[in-house]
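Student: turn this into a model:
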Amino acid sequence: MTTLPAKTDKKLGLVIDLDTCVGCHACVISCKGWNTENYGAPLSDQNAYGADNSGTFLNRVHSYEVQPPGDAAAQLIHFPKSCLHCEDAPCVTVCPTGASYKRVEDGIVLVNESNCIGCGLCAWACPYGARELDQAEGVMKKCTLCVDRIYNENLPEEDRQPACVRTCPAGARHFGDLGDENSDVSKLVAERGGMDLMPEQGTKPVNKYLPPRPKDEMPEFDVLAPFLEPVAEEPKGFLGWLDKTLEKL
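Tutor: Coordinates of the predicted model:
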């Protein structure tokens, strides 16, 4: 079995704003593209254009209709989900070959694919369903936080972040060191009341979710009524002459 580090130098992770996410799946597509073309073995698809298709994804977006308390209208919430890079990651400690491990330098949980035997114990242990077996490769796959991007000095500095963060058109995804209370992501979590996913599991996920904010009620239409009234019953002066002339055409 693999042991977890007693402490990590950083806690790199994602902060996802459920109030801003529009469910466009741009993060899903960019993640699939980057990790198929670059890191590790490609993310395979089976019978991609058939009726019984399946594939391997490191990031998925689920949508739920949520009924707030009281008489408020139901809200559609888009919920992105990937590996949360937990501090107490059960997927690591259950791995029989040591293929799953947590890095000391940044806290990222990775899989050494050359040591993975595809037994699926890590997927069974993960309470978030964040691991998937690549059927073509026979190994477990998971979010890497684009470790091959964030440290790549050949990329422009603005591109040294996970592909999903770089791609999100709504700015709903944020990346940084959640172990540093002065980092932008830590301040964002403190300001918006960032939450752990399923904290009762005791995994201490690094990734945080920002809750949806209450939606403002629609204003009464009579508020706009004064602005919709005509300025004058009949146009006068030049506009009056023009109006009459146009009527004769």
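
Student: okay, and the closest residue to residue 139 other than its chain neighbours sits in which element?
Tutor: In space, not counting the residues next to it along the chain, residue 139 is nearest to residue 116; the distance is 4.2 Å by Cβ to Cβ, 6 or more residues apart in numbering. Every C-beta, even on glycine, is put in place using the N, C-alpha and C of the backbone. Using DSSP states H and E, residue 116 sits within no helix or strand.

Student: residues touching residue 116, list them.
Tutor: Contacts for residue 116 (Cβ atoms under 8 Å, 6 or more residues apart in numbering) come out as 97, 99-100, 139-140.

Student: what is the nearest of those residues to residue 87?
Tutor: Nearest to residue 87 among the contacts of residue 116, counting by Cβ to Cβ, is residue 100 at 14.5 Å.

Student: just among the contacts of residue 116, which is most surrounded?
Tutor: Within the contacts of residue 116, most neighbours by other Cβ atoms under 10 Å means residue 100, with 28 neighbours.

Student: between the contacts of residue 116, which is nearest residue 31?
Tutor: Taking those together and measuring to residue 31 by Cβ to Cβ, the closest member is residue 140, at 16.1 Å.

Student: wait, doesn't the closest one sit right on residue 118?
Tutor: Yes. Counting by Cβ atoms under 8 Å, residue 118 is a contact partner of residue 140 at 6.4 Å.

Student: overlap in contacts of these two?
Tutor: Listed as contacting both residue 140 and residue 118 by Cβ under 8 Å, 6+ apart are residue 133.

Student: if we ignore the residues flanking it in sequence, what's nearest the spatially most central residue of the chain?
Tutor: Relative to the mean C-alpha position of the chain, the nearest C-alpha, by Cα atoms, centre = their mean, is the one of residue 80, at 4.3 Å. Closest residue to residue 80 apart from its sequence neighbours, by Cβ to Cβ, 6+ apart: residue 61 at 4.9 Å.

Student: do the same with residue 103
Tutor: In space, and not counting its chain neighbours, residue 103 is closest to residue 110: 6.6 Å by Cβ to Cβ, 6+ apart.

Student: burial measure for that neighbour, as a count.
Tutor: Quick note: residue 110 (other Cβ under 10 Å) scores 20 neighbours.

Student: any idea which helix or strand carries it?
Tutor: Per DSSP H and E: strand 109-111 holds residue 110.
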